[in-house]
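Q: sharing a model that was predicted from the sequence below.
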Amino acid sequence: MLTPRQELILRKVVEANQATGLPVGSKTLAEDAELGCGPSTIRNELAILEEQGLLEHPHTSAGRLPTDAGRRVYVDRLLPATRRASLDLPLVRREVDEAMQLTTETLAQVTNLLAVVSAPPLETATIRHVEVLLLQPQVAMVVVITSTGGVTKRMLTFDAPVDSGLVGWAGEYLNERLTGIGLGARMLHQRLTDPSLGVSEQRFLDALAPAFGELHGTAEDTLYVEGAARLLGGDRMQDVAQINELMSALERRVALLGVLRVALGSRDVLVRIGSENELPALRSLALVGAGYGLPARRLGTVSVIGPVRMDYARTIATVREAALQLSRYVEDVYDA
(Lines give C-alpha, C1' and ligand atoms only; values in the text may rest on other atoms or scores of the structure.)
Protein backbone atom coordinates (compact mmCIF):
# COMPACT_ATOMS: atom_id res chain seq x y z
CA MET A 1 0.00 0.00 0.00
CA LEU A 2 1.46 3.33 -1.03
CA THR A 3 1.32 6.48 1.04
CA PRO A 4 -0.06 9.64 -0.60
CA ARG A 5 3.50 10.99 -0.88
CA GLN A 6 4.74 7.81 -2.55
CA GLU A 7 1.83 7.91 -4.99
CA LEU A 8 2.64 11.52 -5.85
CA ILE A 9 6.34 10.74 -6.36
CA LEU A 10 5.51 7.74 -8.55
CA ARG A 11 3.19 9.91 -10.66
CA LYS A 12 5.88 12.57 -11.01
CA VAL A 13 8.47 10.00 -12.10
CA VAL A 14 6.15 8.43 -14.68
CA GLU A 15 5.11 11.76 -16.15
CA ALA A 16 8.65 13.18 -16.20
CA ASN A 17 9.86 10.03 -17.97
CA GLN A 18 6.98 10.32 -20.46
CA ALA A 19 8.11 13.84 -21.30
CA THR A 20 11.87 13.26 -21.55
CA GLY A 21 12.50 9.53 -21.86
CA LEU A 22 15.23 9.92 -19.24
CA PRO A 23 15.68 8.60 -15.68
CA VAL A 24 14.36 10.97 -13.02
CA GLY A 25 16.64 11.93 -10.13
CA SER A 26 15.87 13.02 -6.58
CA LYS A 27 17.33 16.48 -7.22
CA THR A 28 14.86 17.10 -10.06
CA LEU A 29 11.97 15.92 -7.91
CA ALA A 30 13.06 18.07 -4.97
CA GLU A 31 12.64 21.16 -7.15
CA ASP A 32 8.94 20.34 -7.55
CA ALA A 33 7.02 22.54 -5.13
CA GLU A 34 4.06 20.15 -5.11
CA LEU A 35 6.15 17.50 -3.32
CA GLY A 36 7.28 19.85 -0.57
CA CYS A 37 10.17 17.75 0.70
CA GLY A 38 13.96 17.64 0.37
CA PRO A 39 16.26 15.36 -1.62
CA SER A 40 17.02 13.02 1.30
CA THR A 41 13.33 12.36 1.96
CA ILE A 42 12.70 11.83 -1.75
CA ARG A 43 15.66 9.44 -2.04
CA ASN A 44 14.22 7.37 0.80
CA GLU A 45 10.78 7.25 -0.85
CA LEU A 46 12.35 6.35 -4.20
CA ALA A 47 14.20 3.46 -2.55
CA ILE A 48 10.92 2.16 -1.09
CA LEU A 49 9.21 2.39 -4.47
CA GLU A 50 12.13 0.53 -6.01
CA GLU A 51 11.89 -2.22 -3.36
CA GLN A 52 8.23 -2.64 -4.29
CA GLY A 53 9.16 -3.14 -7.95
CA LEU A 54 7.55 0.09 -9.14
CA LEU A 55 10.79 1.86 -10.06
CA GLU A 56 14.16 0.66 -11.30
CA HIS A 57 17.68 2.05 -11.06
CA PRO A 58 19.44 1.61 -14.43
CA HIS A 59 22.81 2.87 -13.13
CA THR A 60 24.18 3.62 -9.67
CA SER A 61 24.44 7.34 -10.26
CA ALA A 62 21.36 7.63 -12.46
CA GLY A 63 17.82 8.49 -11.49
CA ARG A 64 14.89 6.09 -11.50
CA LEU A 65 12.73 4.77 -14.30
CA PRO A 66 9.20 3.43 -13.84
CA THR A 67 8.83 -0.32 -14.33
CA ASP A 68 5.87 -1.91 -16.14
CA ALA A 69 4.36 -2.52 -12.69
CA GLY A 70 4.87 1.14 -11.79
CA ARG A 71 3.16 2.27 -14.95
CA ARG A 72 0.31 -0.15 -14.22
CA VAL A 73 -0.24 1.50 -10.82
CA TYR A 74 -0.13 4.87 -12.54
CA VAL A 75 -2.73 3.87 -15.15
CA ASP A 76 -5.05 2.17 -12.65
CA ARG A 77 -4.85 4.62 -9.74
CA LEU A 78 -2.89 7.78 -10.42
CA LEU A 79 -4.05 9.08 -13.78
CA PRO A 80 -5.58 12.55 -13.76
CA ALA A 81 -9.39 12.60 -13.84
CA THR A 82 -10.79 11.07 -17.00
CA ARG A 83 -10.98 13.66 -19.72
CA ARG A 84 -12.85 13.84 -22.99
CA ALA A 85 -10.69 13.88 -26.09
CA SER A 86 -11.36 16.23 -28.98
CA LEU A 87 -11.47 14.02 -32.06
CA ASP A 88 -12.97 14.95 -35.40
CA LEU A 89 -14.18 11.82 -37.23
CA PRO A 90 -16.61 12.78 -40.02
CA LEU A 91 -17.93 9.26 -40.58
CA VAL A 92 -21.52 9.97 -41.60
CA ARG A 93 -22.49 8.60 -45.03
CA ARG A 94 -19.17 6.86 -45.56
CA GLU A 95 -18.76 3.25 -46.61
CA VAL A 96 -17.45 0.95 -43.86
CA ASP A 97 -13.97 0.49 -45.29
CA GLU A 98 -13.62 4.25 -45.79
CA ALA A 99 -14.80 4.93 -42.21
CA MET A 100 -12.33 2.41 -40.78
CA GLN A 101 -9.46 3.84 -42.82
CA LEU A 102 -10.29 7.40 -41.78
CA THR A 103 -10.47 6.40 -38.11
CA THR A 104 -7.09 4.66 -38.32
CA GLU A 105 -5.38 7.58 -40.08
CA THR A 106 -6.83 10.12 -37.63
CA LEU A 107 -5.81 8.09 -34.58
CA ALA A 108 -2.25 7.76 -35.86
CA GLN A 109 -2.02 11.49 -36.52
CA VAL A 110 -3.56 12.60 -33.21
CA THR A 111 -1.60 10.22 -30.98
CA ASN A 112 1.57 10.06 -33.10
CA LEU A 113 1.51 6.29 -32.50
CA LEU A 114 0.78 3.13 -34.46
CA ALA A 115 -3.00 2.86 -34.89
CA VAL A 116 -4.77 -0.43 -35.58
CA VAL A 117 -8.51 -0.77 -36.21
CA SER A 118 -10.29 -4.05 -36.84
CA ALA A 119 -13.33 -3.92 -39.11
CA PRO A 120 -16.63 -5.60 -38.19
CA PRO A 121 -16.61 -9.28 -39.19
CA LEU A 122 -18.30 -9.73 -42.54
CA GLU A 123 -20.84 -12.23 -41.24
CA THR A 124 -22.39 -9.59 -38.98
CA ALA A 125 -23.72 -7.72 -42.01
CA THR A 126 -27.14 -8.40 -43.47
CA ILE A 127 -28.50 -8.20 -47.01
CA ARG A 128 -30.05 -4.82 -47.70
CA HIS A 129 -30.93 -5.13 -51.39
CA VAL A 130 -30.57 -7.54 -54.30
CA GLU A 131 -30.59 -6.55 -57.95
CA VAL A 132 -30.75 -9.02 -60.85
CA LEU A 133 -29.83 -7.48 -64.18
CA LEU A 134 -29.90 -8.88 -67.71
CA LEU A 135 -26.77 -7.53 -69.42
CA GLN A 136 -27.00 -9.64 -72.59
CA PRO A 137 -29.53 -12.26 -73.72
CA GLN A 138 -27.44 -15.00 -72.08
CA VAL A 139 -25.59 -12.99 -69.41
CA ALA A 140 -27.10 -11.88 -66.11
CA MET A 141 -25.53 -10.10 -63.15
CA VAL A 142 -26.50 -10.36 -59.47
CA VAL A 143 -25.69 -7.31 -57.32
CA VAL A 144 -25.94 -7.63 -53.53
CA ILE A 145 -25.79 -4.57 -51.29
CA THR A 146 -25.18 -5.26 -47.59
CA SER A 147 -26.15 -3.36 -44.45
CA THR A 148 -22.56 -2.15 -44.15
CA GLY A 149 -22.65 -0.59 -47.59
CA GLY A 150 -20.61 -3.34 -49.23
CA VAL A 151 -21.41 -4.25 -52.83
CA THR A 152 -20.69 -7.61 -54.46
CA LYS A 153 -21.30 -8.52 -58.11
CA ARG A 154 -21.46 -11.88 -59.84
CA MET A 155 -21.72 -12.42 -63.59
CA LEU A 156 -23.59 -15.53 -64.72
CA THR A 157 -23.61 -16.97 -68.24
CA PHE A 158 -26.44 -19.22 -69.44
CA ASP A 159 -26.59 -21.72 -72.31
CA ALA A 160 -29.72 -20.12 -73.74
CA PRO A 161 -31.29 -16.65 -73.72
CA VAL A 162 -32.89 -15.72 -70.38
CA ASP A 163 -36.48 -14.52 -70.18
CA SER A 164 -36.44 -10.87 -69.05
CA GLY A 165 -39.66 -11.48 -67.13
CA LEU A 166 -37.92 -14.23 -65.15
CA VAL A 167 -35.11 -11.81 -64.32
CA GLY A 168 -37.55 -9.18 -63.03
CA TRP A 169 -39.40 -11.79 -60.97
CA ALA A 170 -36.16 -13.07 -59.44
CA GLY A 171 -35.17 -9.59 -58.25
CA GLU A 172 -38.49 -9.08 -56.49
CA TYR A 173 -38.50 -12.60 -55.04
CA LEU A 174 -34.94 -12.40 -53.70
CA ASN A 175 -35.53 -9.03 -52.05
CA GLU A 176 -38.66 -10.37 -50.38
CA ARG A 177 -36.93 -13.53 -49.16
CA LEU A 178 -33.42 -12.33 -48.32
CA THR A 179 -33.57 -8.73 -47.12
CA GLY A 180 -32.43 -8.61 -43.49
CA ILE A 181 -30.83 -12.07 -43.55
CA GLY A 182 -27.27 -12.25 -42.20
CA LEU A 183 -24.52 -13.06 -44.69
CA GLY A 184 -23.35 -15.94 -42.52
CA ALA A 185 -26.83 -17.21 -41.66
CA ARG A 186 -27.52 -20.88 -42.39
CA MET A 187 -31.01 -20.04 -43.58
CA LEU A 188 -29.73 -17.88 -46.43
CA HIS A 189 -29.46 -20.73 -48.94
CA GLN A 190 -32.60 -22.36 -47.59
CA ARG A 191 -34.48 -19.24 -48.65
CA LEU A 192 -33.46 -19.93 -52.24
CA THR A 193 -35.43 -23.17 -52.32
CA ASP A 194 -39.23 -23.13 -52.39
CA PRO A 195 -41.30 -26.26 -53.24
CA SER A 196 -44.17 -24.06 -54.40
CA LEU A 197 -42.12 -22.58 -57.26
CA GLY A 198 -42.32 -23.77 -60.83
CA VAL A 199 -39.45 -25.71 -62.40
CA SER A 200 -38.09 -22.78 -64.45
CA GLU A 201 -38.18 -20.39 -61.49
CA GLN A 202 -36.39 -22.83 -59.18
CA ARG A 203 -33.77 -23.64 -61.79
CA PHE A 204 -33.07 -19.95 -62.28
CA LEU A 205 -32.67 -19.41 -58.53
CA ASP A 206 -30.32 -22.39 -58.38
CA ALA A 207 -28.23 -20.78 -61.08
CA LEU A 208 -28.07 -17.53 -59.07
CA ALA A 209 -27.16 -19.28 -55.79
CA PRO A 210 -23.34 -19.04 -56.25
CA ALA A 211 -23.61 -15.24 -56.01
CA PHE A 212 -24.73 -15.62 -52.39
CA GLY A 213 -22.24 -18.33 -51.50
CA GLU A 214 -19.42 -15.84 -52.03
CA LEU A 215 -20.78 -13.27 -49.61
CA HIS A 216 -19.32 -14.70 -46.41
CA GLY A 217 -16.76 -17.19 -47.74
CA THR A 218 -13.69 -17.59 -45.58
CA ALA A 219 -12.65 -13.96 -45.40
CA GLU A 220 -10.69 -13.04 -42.30
CA ASP A 221 -11.28 -9.94 -40.24
CA THR A 222 -9.77 -6.89 -41.88
CA LEU A 223 -7.15 -4.83 -40.07
CA TYR A 224 -6.41 -1.20 -40.88
CA VAL A 225 -2.94 -0.08 -39.80
CA GLU A 226 -1.40 3.40 -39.91
CA GLY A 227 1.59 5.06 -38.26
CA ALA A 228 4.31 2.40 -38.41
CA ALA A 229 6.81 5.04 -39.52
CA ARG A 230 5.93 7.15 -36.50
CA LEU A 231 6.60 4.29 -34.10
CA LEU A 232 9.88 3.36 -35.74
CA GLY A 233 11.11 6.93 -36.06
CA GLY A 234 13.36 8.78 -33.63
CA ASP A 235 14.48 6.94 -30.51
CA ARG A 236 11.22 5.11 -29.86
CA MET A 237 12.47 1.70 -30.95
CA GLN A 238 16.20 1.05 -31.16
CA ASP A 239 16.27 -2.74 -30.75
CA VAL A 240 16.52 -4.19 -34.28
CA ALA A 241 15.22 -7.59 -33.14
CA GLN A 242 12.19 -5.90 -31.55
CA ILE A 243 11.51 -3.95 -34.73
CA ASN A 244 11.65 -7.14 -36.79
CA GLU A 245 9.24 -8.89 -34.41
CA LEU A 246 6.76 -6.02 -34.61
CA MET A 247 6.92 -5.92 -38.40
CA SER A 248 6.34 -9.69 -38.48
CA ALA A 249 3.34 -9.30 -36.18
CA LEU A 250 1.86 -6.66 -38.50
CA GLU A 251 2.33 -9.01 -41.44
CA ARG A 252 0.84 -11.97 -39.55
CA ARG A 253 -2.52 -10.34 -38.98
CA VAL A 254 -4.05 -13.39 -37.29
CA ALA A 255 -1.76 -13.14 -34.25
CA LEU A 256 -2.41 -9.42 -33.89
CA LEU A 257 -6.16 -9.94 -34.24
CA GLY A 258 -6.01 -12.39 -31.34
CA VAL A 259 -4.43 -9.72 -29.17
CA LEU A 260 -6.97 -7.08 -30.17
CA ARG A 261 -9.96 -9.35 -29.53
CA VAL A 262 -9.14 -9.20 -25.82
CA ALA A 263 -10.36 -5.61 -25.91
CA LEU A 264 -13.80 -6.83 -27.03
CA GLY A 265 -14.43 -8.25 -23.57
CA SER A 266 -13.30 -5.14 -21.72
CA ARG A 267 -16.00 -2.82 -20.41
CA ASP A 268 -13.81 0.23 -20.94
CA VAL A 269 -10.40 0.91 -22.44
CA LEU A 270 -7.94 -1.96 -22.16
CA VAL A 271 -4.31 -1.13 -21.37
CA ARG A 272 -1.48 -3.67 -21.67
CA ILE A 273 1.97 -2.44 -20.66
CA GLY A 274 5.23 -4.07 -21.74
CA SER A 275 5.58 -7.52 -20.21
CA GLU A 276 1.79 -7.75 -19.74
CA ASN A 277 1.47 -8.36 -23.48
CA GLU A 278 1.34 -12.02 -24.47
CA LEU A 279 2.62 -11.37 -27.98
CA PRO A 280 6.46 -11.25 -27.84
CA ALA A 281 6.58 -8.43 -30.39
CA LEU A 282 4.70 -6.14 -27.98
CA ARG A 283 6.59 -6.86 -24.75
CA SER A 284 8.59 -3.66 -24.88
CA LEU A 285 5.56 -1.64 -26.01
CA ALA A 286 2.19 -0.60 -24.66
CA LEU A 287 -1.21 -1.27 -26.22
CA VAL A 288 -4.33 0.78 -25.55
CA GLY A 289 -7.53 -0.58 -27.07
CA ALA A 290 -11.31 -0.43 -26.85
CA GLY A 291 -14.16 -2.28 -28.46
CA TYR A 292 -16.86 -0.62 -30.54
CA GLY A 293 -20.13 -1.85 -31.98
CA LEU A 294 -23.82 -2.28 -31.29
CA PRO A 295 -25.42 -2.01 -27.82
CA ALA A 296 -25.70 -5.78 -27.51
CA ARG A 297 -22.53 -6.78 -29.36
CA ARG A 298 -18.99 -5.54 -29.89
CA LEU A 299 -17.98 -5.75 -33.55
CA GLY A 300 -14.37 -4.59 -33.65
CA THR A 301 -11.59 -2.78 -31.85
CA VAL A 302 -9.83 0.56 -31.94
CA SER A 303 -6.27 0.50 -30.61
CA VAL A 304 -2.90 2.18 -30.62
CA ILE A 305 0.54 0.72 -29.98
CA GLY A 306 3.47 2.77 -28.77
CA PRO A 307 6.34 3.04 -26.31
CA VAL A 308 5.63 2.20 -22.67
CA ARG A 309 6.34 5.84 -21.81
CA MET A 310 3.42 7.09 -23.92
CA ASP A 311 1.06 9.75 -22.59
CA TYR A 312 -1.51 7.35 -21.16
CA ALA A 313 -4.07 9.97 -20.12
CA ARG A 314 -4.26 11.46 -23.61
CA THR A 315 -4.06 8.13 -25.42
CA ILE A 316 -6.77 6.47 -23.32
CA ALA A 317 -9.11 9.43 -23.80
CA THR A 318 -8.49 9.46 -27.56
CA VAL A 319 -9.05 5.71 -28.02
CA ARG A 320 -12.21 5.88 -25.91
CA GLU A 321 -13.59 8.73 -28.01
CA ALA A 322 -12.75 6.98 -31.30
CA ALA A 323 -14.53 3.82 -30.13
CA LEU A 324 -17.56 5.88 -29.09
CA GLN A 325 -17.80 7.61 -32.45
CA LEU A 326 -17.33 4.36 -34.36
CA SER A 327 -20.10 2.77 -32.27
CA ARG A 328 -22.47 5.56 -33.25
CA TYR A 329 -21.48 5.11 -36.87
CA VAL A 330 -22.07 1.33 -37.00
CA GLU A 331 -25.40 1.70 -35.18
CA ASP A 332 -26.56 4.02 -37.95
CA VAL A 333 -25.18 1.74 -40.67
CA TYR A 334 -26.68 -1.48 -39.31
CA ASP A 335 -30.04 0.12 -38.60
CA ALA A 336 -30.27 1.72 -42.02
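A: On my side now, so go ahead. Residues are numbered from 1 along each chain as shown.
Q: tell me how far the nearest residue to residue 158 once chain neighbours are set aside lies from residue 70.
A: Leaving aside its chain neighbours, residue 158 sits nearest to residue 138 (4.8 Å; criterion: C-beta to C-beta, 6 or more residues apart in numbering). (Each C-beta comes from the backbone N, C-alpha and C, glycine too.) Computed as C-beta to C-beta, to the nearest Å, the residue 138 to residue 70 distance reads 72 Å.
Q: domains for the protein, by residue range?
A: 4-78, 96-121+221-335, 123-213 (automatic domain parsing).
Q: mind checking the end-to-end distance for the first one?
A: End-to-end span of domain 4-78 (C-alpha to C-alpha, to the nearest Å): 10 Å.
Q: ok, now stretch 262-274?
A: Using C-alpha to C-alpha, one end of stretch 262-274 lies 16 Å from the other.
Q: I'd guessed residue 119 sits against residue 95; true?
A: No - Residue 119 is beyond contact range of residue 95, at 11.1 Å (criterion: C-beta atoms under 8 Å).
Q: give the residue spans of the stretch 51-200 of the chain that score low on pLDDT.
A: Where the stretch 51-200 of the chain drops to pLDDT under 70, the residues are 60-61, 81-82, 122-125, 147-150, 184-186.
Q: all strands for it, in order.
A: Counting by DSSP state E, counting those that start in this stretch, one finds strands in the stretch 51-200 of the chain at the ranges 55-56, 65-66, 114-118, 127-136, 139-146, 151-157.
Q: and the longest one, how far out from the chain middle?
A: To tie it back to what came earlier, the one meant is strand 127-136. Chain-centre distance of strand 127-136: 33 Å, with C-alpha atoms, centre = their mean, to the nearest Å.
Q: one more: the first one?
A: With C-alpha atoms, centre = their mean as the basis, the distance from the averaged C-alpha position of strand 55-56 to the chain average is 32 Å.
Q: how many neighbours does the closest residue to residue 227 other than its chain neighbours have?
A: Once flanking residues are discounted, residue 227 sits nearest to residue 108: 3.2 Å by C-beta to C-beta, 6+ apart. By the criterion of other C-beta atoms under 10 Å, residue 108 has 23 neighbours.
Q: hmm, residue 229 and residue 108 touching each other?
A: No - using C-beta under 8 Å, residue 108 is not in contact with residue 229; the gap is 9.3 Å.
Q: of residue 119 and residue 95, which one has the most company?
A: The neighbour comparison of residue 119 against residue 95 (other C-beta under 10 Å) goes to residue 119, with 20 against 13.
Q: that one and residue 293: what is the separation?
A: Distance from residue 119 to residue 293, counting by C-beta to C-beta: 11 Å.
Q: who touches both of the two?
A: residue 300 (C-beta atoms under 8 Å, 6 or more residues apart in numbering).
Q: residues contacting the residue nearest to residue 158?
A: So residue 138 contacts 157, 158, 159, 160, 161, 162 (C-beta under 8 Å, 6+ apart).
Q: any idea how far residue 207 is from the fourth one?
A: Taking C-beta to C-beta as the measure, residue 160 and residue 207 are separated by 12 Å.
Q: more neighbours: which of these two?
A: Between residue 160 and residue 207, residue 207 has the larger neighbour count (other C-beta under 10 Å), namely 16 against 7.
Q: for the closest residue to that one other than its chain neighbours, what are its contacts?
A: Counting by C-beta to C-beta, 6+ apart, residue 207 lies nearest to residue 156, which is 6.1 Å off, once chain neighbours are set aside. Listed by C-beta under 8 Å, 6+ apart, the contact partners of residue 156 are 139, 140, 141, 142, 207, 208, 210, 211.
Q: try residue 97
A: With contacts defined as C-beta under 8 Å, 6+ apart, residue 97 is in contact with 119, 222.
Q: if I look at it, how far off is residue 151?
A: 11 Å.
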